[in-house]
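Asker: the following comprises the amino acid sequence and a computationally predicted model.
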Amino acid sequence: HKVESHELFGHLGYCKGCIICQMVWGVMRRINRKVNPHRELRAGYIFHMDMITWSHRSEEGNKYSVVLRYPACHVFGVLNLYLKSDATVMIEEWVKMLRNNPIFADISYPLVCVLRTDNDGAWSKENAEWGTMIDRQHINMYYVSPDRHGDENGFAERACGILEVVVKSLLAERALPPSWWQRCAVA
């Protein structure tokens, strides 16, 4: 009876073992996978960036952490902020510090050429102060699509997830108050 109604209504829905559906519809759930994705090998060229909003202010007074991850060597950078609007100043200082480090003097490209991130208000396309800073520092922004945020910005999202788990584990293990998150994040 189920097979007859399935055929009567033009093979709508799923009917196990239906040859027509297998030929016409193909696989019901296709999983796309990049076979050979590009992997950045230039150290310091591109950074993936996202922000964590912590539940409590730290003992130092901060509420936010900007998490930067380098895809070439998988190293994390963490900048702690009092206000989200502090991101422009803090990131510019961080970029200047990296570029002025004599260790990187012989690299053929300026460090932090590309920042790949979501369109958060702290560094959005509409943020004039941010726009001025990236022009001044010659940084190219790569904003991920809002509807593909998890897929395109997964590297930064995962970095935030790792940092949160590590910080919360350290707080729980040592029975520390939540306001000590910043001390655990930089440890």
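Answerer: Yep, it's here.

Asker: for residue 10, what are its contacts?
Answerer: Residue 10 makes no contacts at all, as judged by Cβ atoms under 8 Å, 6 or more residues apart in numbering. In this view, the C-beta of every residue, glycine as well, is placed from N, C-alpha and C.

Asker: cool, and residue 13?
Answerer: Counting by Cβ under 8 Å, 6+ apart, residue 13 has contacts residue 6.

Asker: pLDDT score for it?
Answerer: At residue 13, the model reports a pLDDT of 74.

Asker: can you check residue 149 too?
Answerer: 57.

Asker: if I look at the residue nearest to the spatial centre of the chain, how far off is residue 89?
Answerer: By Cα atoms, centre = their mean, the chain has its centre lying nearest to residue 156, at 2.1 Å. In this view, residue 156 and residue 89 are 20 Å apart by Cβ to Cβ, to the nearest Å.

Asker: rewinding a little: quick one: secondary structure of the residue nearest to the centre of the chain?
Answerer: What DSSP: H, G, I helix; E, B strand; the rest coil gives for residue 156 is helix.

Asker: ok, it to residue 5 distance?
Answerer: 48 Å.

Asker: now swap in residue 23 and tell me
Answerer: 20 Å.

Asker: ok, back up a step: the residue nearest to the centre of the chain: what's it in contact with?
Answerer: Applying Cβ under 8 Å, 6+ apart, the residues near residue 156 are 48-50, 67, 69, 116-118.

Asker: among these, which pair sits farthest apart?
Answerer: 69 and 118 (13.8 Å; Cβ to Cβ).

Asker: between the two, point out the one with more neighbours.
Answerer: residue 69 (23 against 18; other Cβ atoms under 10 Å).

Asker: now the more buried one. Nearest residue, chain neighbours left out?
Answerer: The shortest distance from residue 69 to any non-neighbouring residue, by Cβ to Cβ, 6 or more residues apart in numbering, is to residue 159 (4.1 Å).

Asker: residue 67 contacts residue 54, doesn't it?
Answerer: No: counting by Cβ atoms under 8 Å, residue 67 does not reach residue 54; the two are 11.8 Å apart.
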